[in-house]
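> Below is the sequence, then the predicted model.
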Amino acid sequence: MHLHDAWFVIIAVLWTGYFFLEGFDFGVGVLTKLLARDRAERRVLINTIGPVWDGNEVWLLSAGGATFAAFPDWYATLFSGFYLPLLLILVCLILRGVAFEYRAKRPEERWQRNWEHTIFWTSLLPPLLWGVAFANIVHGVKIDANQEYVGGLWDLLGGYALLGGLATLALFTFHGAVFVALKTVGPIRDRARTLAGRLGAGTVLIVAAYLVWTQVHSGNGRSLPAVALAVVALAAAWTANRAGREGWAFGFSGVAIAAMVATFFLALFPDVMPSTLNSSWSLTVGNASATPYTLKIMTWCAAVATPLVLLYQGWTYWVFRKRIGTQHLANAAH
Amino acid sequence: MQLALEPLNVARWQFGVTTVYHFLFVPLTISLSALTAGLQTAWVRTGKDTYLRATKFWGKLFLINIAMGVATGIVQEFQFGMNWSDYSRFVGDIFGAPLAFEALIAFFFESTFVGLWIFGWDRLPKRIHLACIWMVSIGTILSAYFILAANSWMQHPVGYTYNPRTKRAELTDFWAVLTQNTALAQFFHTMSASFLTGAAFVIGIAAYHLARRRHISVMRSSLRLALVVAVVAGALTAISGDTLGKVMFKQQPMKMAAAEALWDGQKGAPFSVFAVGNVNKGHNEVAIDIPNLLSFLADDNFTSYVGGIKDVEKAEQQKYGPGDYRPDVPVEYWGFRWMIGFGVVSIGVGAAGLWLTRRRFWLAPEKRTGEDEVPHLMLTRGIGLGERLSPWYWRAALLTMVFPLLANSWGWIFTETGRQPWVVYGVLRTKDAVSPGVSTGEVVTSLITFTALYALLAVVEIRLMVKYAKAGPPELTDDDRRSPTRIGGDPDQDADRPMAFSY
């Protein structure tokens, strides 16, 4: 196996980590509007992800940094080509981080409500936009002989891409609802479970439609099992949730996300960004990658750092494993 | 300075705005996390309430600040690909690696342990909770190191070769990139300047409260700690700045010639205190000089030859072909002076404070101020002079608390614009680095978006900072002092006990 193939896998893993982890914290952000009935309940929802969302977001920074180092041309084409969607994602991520940290820093209701609106919108838009972006990557975009994206903004917003955005948003919201059911006690837990049950059916349909379309258009023998696994796991998550098995439900929705990311990358390989203008202009793991020397150094870094990251992030989840409810909120200003 | 509306200029402005803004938060994050960690260590070791209150107070300000640092940092990573895609293609093999290291090693550390620290007060045993803030601090420093190594490579490229087939620079020696003298000098200079920044911040806020005779014990301890840090970090900033200057004189003679508005090279070159340059005519109309000092700064020798702007330009034209190799001389000249000026004043305020609050061991016991008394500049009460100077010192400390931030900003503006017209010195021109496929409209949109967003957030964050800084350290409850002995606490025993700290 060539090192650039290994880095293709590592980047797929980083995206899986990002979508799995930030997937549920985006979902929780969206649910602050759908699930919580009052300020205290919104605070409980936010606290379920409070200790971990920041660490979850670093998976994105790592995926970005790894792409820059391992596939400079992929990074350059992707980031300059998807300019305006990425700008919107950046604005969301900036506001979202600040919103979590600043919401409780003043007691006034208006202040907190404004930040809660911010949390909702900045948790809703990125999943939608990431879904659109990945649909376009898998589907292929207008890339010329110089590896430059030559399409416009509207080229990125076709029916397939929009379905991709919707599927990602639905999946993350469901994943978030299952997570809330797992992490809370009291009435909010029951409502989360009910909501996950309602969202689940629609989510299975949308995600299945999107992945089947992906498979028909860009898929291959390798990606087919991943599509099947994603749909089955999602259905299993829905069933487990209805049966009140919250841990299993969360595990299965996580598997569904991992299988969806796997579908993307298996359908892509060996391309990293196919060109719809001329397949010989596509970016591939071979023509977009860094030198073997750089890849070797990066491999050492990833080999040492990744297990450590998994270890201490896993520990964080262990430390904060306790379910929380409104009775755990201090009466102080925060 | 060119103001024409084309992607190159707009992208440069955006880089300038987002980078300078981001770097307002970085040095404070680096130093406040370490100071908070130090204070919490003091609490764990002594059990004194003063240190716990100080930890919570400075920790809160640190958290308000790190939120902005993290949020604005994401833009930094993304905009290389968005605005500078040809740069990314050309140097990704080299520049991407330290960036990826930064994410995998430093960011994960920082962000995971900051979550543990915020929410872990009542979930983790004391010492493990203390270790978390130290981890955050180590993460910020590692992060700074990797990003400065990457930037130093742009200032002085090493450990690479140009591959004509792929038309890009390719890494040959990563160790050289990480350990070259530019990277080390920049790291020590930036690091010590960061600690000076945090120290001045703490001194200013402590002075505000002490002048009002409030929160005396907490502010007094914080002040003394910060004064020591200011003087030590200040001295190290000056020393490392001198080292960095000498490195630059060798590696980027044009930058330093511009910094001195030295048009013609000469032996025993003077250091310019004040000058009004005329870029077109290539000479200074007004100049106040200190003879021979520049030669000494550049080369440790009062009579060494120092190249001027015109000579260096001739040499560069011979080396790289015809063209304009002059950076913006007034920006360089004044940027250099503002950096040094604001920095030196900050060090002076720290040193003055340390001297004025020194413990005079020969002072009779009845003249010493007690533990909880407002220091008339602490222990110089018997002297009289201290009493008269105190209010002035508190005012000066408050006024100068942002001076290091200004010095940092000017330092970066100086070092980054001084490299122009190169983005990678001697290797890649800035105009060849910009994204070819991105339209002016797109870059202008993002410049306006970021500038407006950053301005809005600046207002929010400054108001929050002022609110919490003015409120002073919290009073303690028994819950604050206790701490669970088992990791994760016991979920059954105190199932409904409120969390000590939450959003």
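Cool, got the structure. Numbers count the residues shown, from 1 in each chain, chains lettered A, B, ... in the order given.
> Help me confirm that residue A:294 comes into contact with residue B:171.
Yes. Residue A:294 sits in contact with residue B:171 when judged by CB atoms under 8 Å, with a separation of 4.9 Å. The C-beta positions use only the backbone N, C-alpha and C, and glycine is treated the same way.
> Let me know whether stretch B:150-162 sits next to chain A.
No. If you take CB under 8 Å from any CB of the partner chain as the test, stretch B:150-162 misses chain A, and the best it gets is 9.9 Å.
> before we move on, the earlier item: between residue A:294 and residue B:171, what contacts are shared?
Counting by CB atoms under 8 Å, 6 or more residues apart in numbering or on different chains, the common neighbours of residue A:294 and residue B:171 are B:93-94, B:97.
> and chain A, which of those residues contact it?
B:93-94, B:97.
> Contacts only, for residue B:116.
Contact partners of residue B:116, counting by CB under 8 Å, 6+ apart, are A:51, A:316, A:319, B:124, B:129, B:132.
> Distance check, it against residue A:256.
Remark: distance between residue B:116 and residue A:256 (CB to CB, to the nearest Å) = 29 Å.
> which helices and strands sit right next to the helix or strand harbouring residue B:467?
Taking DSSP states H and E as the criterion, the element that holds residue B:467 is helix B:440-471. For helix B:440-471, the elements it packs on are helix A:83-102, helix B:7-46, helix B:49-83, helix B:181-211, judged by 3 or more CB pairs under 8 Å, 6 or more residues apart in numbering or on different chains; DSSP states H and E.
> Compute the inter-axis angle for that helix and helix B:7-46.
Regarding helix B:440-471 and helix B:7-46, their directions subtend 20 degrees when assessed with axes from the mean of the first three to the mean of the last three CA atoms, to 10 degrees.
> which of the residues in helix B:440-471 are buried?
Neighbour counts using 16 or more other CB atoms under 10 Å in any protein chain shown place B:442-444, B:446-447, B:449-450, B:453-454, B:457, B:460-461, B:464-465, B:468-469 of helix B:440-471 among the buried residues.
> Repeat that for stretch B:148-164.
When burial is assessed from 16+ other CB under 10 Å, stretch B:148-164 yields the following buried residues: B:148-160.
> got a list of contacts for stretch A:245-255?
Identification of contacts with stretch A:245-255 by CB under 8 Å, 6+ apart yields A:20, A:24, A:171, A:174-175, A:178-179, A:181-182, A:193, A:196, A:229-230, A:233-234, A:236-238, A:240-241.
> related to what we said a few turns ago, using CSV, lay out the buried residues of stretch B:148-164 together with pLDDT.
Putting those into CSV (pLDDT from 0 to 100) gives the following:
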residue, pLDDT
B:148, 95
B:149, 95
B:150, 94
B:151, 94
B:152, 94
B:153, 94
B:154, 94
B:155, 93
B:156, 93
B:157, 93
B:158, 93
B:159, 90
B:160, 91
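> Contacts for stretch B:306-323, please.
B:249, B:253-254, B:256-258, B:260-266, B:269, B:282, B:294-295, B:298-299, B:325-326, B:329, B:421, B:426.
> Please name the spatially closest residue to the residue of the stretch 101-250 of chain A at minimum distance from chain B (chain neighbours excluded).
Using CB to the nearest CB, the closest approach of the stretch 101-250 of chain A to chain B is made by residue A:101 at 3.6 Å. Across the structure, with CB to CB, 6 or more residues apart in numbering or on different chains as the measure, the residue nearest residue A:101 apart from its sequence neighbours is residue B:67 (3.6 Å).
> Report how many residues lie close to the one you found.
Here the number of neighbours of residue B:67 (other CB atoms under 10 Å in any protein chain shown) works out to 25.
> any idea of the mean pLDDT for the helix holding residue B:467?
Averaging pLDDT along helix B:440-471 gives 92.
> quick one, strands of the stretch 351-500 of chain B?
B:422-424, B:428-429 (DSSP state E, counting those that start in this stretch).
> no, scratch that, I was asking about the stretch 201-334 of chain A
A:271-273, A:283-284.
> what's the most buried one of the ones you listed?
Of all the strands of the stretch 201-334 of chain A, strand A:271-273 carries the top mean neighbour count, a mean of 24, counting by mean count of other CB atoms under 10 Å in any protein chain shown.
> Check which helices and strands that one sits against.
Secondary-structure packing of strand A:271-273 (3+ CB pairs under 8 Å, 6+ apart): helix A:72-81, strand A:283-284.
> Direction included, what does it pair against?
With DSSP bridges as the criterion, the sheet partners recorded for strand A:271-273 are strand A:283-284 (antiparallel).
> which other residues reach the partner strand?
In contact with strand A:283-284 (CB under 8 Å, 6+ apart) are residues A:71, A:73-74, A:77, A:143, A:147, A:270-275.
> Return stretch B:91-99 as PDB; C-alpha atoms alone will do.
Extracted in PDB, the C-alpha atoms of stretch B:91-99 (Å, rounded to 0.1, in the frame of the first residue of the first chain):
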ATOM      1  CA  VAL B  91       4.300  25.000  -0.200                       C
ATOM      2  CA  GLY B  92       1.800  22.500   1.100                       C
ATOM      3  CA  ASP B  93       4.400  19.800   1.200                       C
ATOM      4  CA  ILE B  94       6.300  21.800   3.800                       C
ATOM      5  CA  PHE B  95       4.000  24.300   5.300                       C
ATOM      6  CA  GLY B  96       1.100  21.900   5.800                       C
ATOM      7  CA  ALA B  97       3.100  19.500   8.000                       C
ATOM      8  CA  PRO B  98       3.600  21.800  11.000                       C
ATOM      9  CA  LEU B  99       0.000  23.000  10.600                       C
END
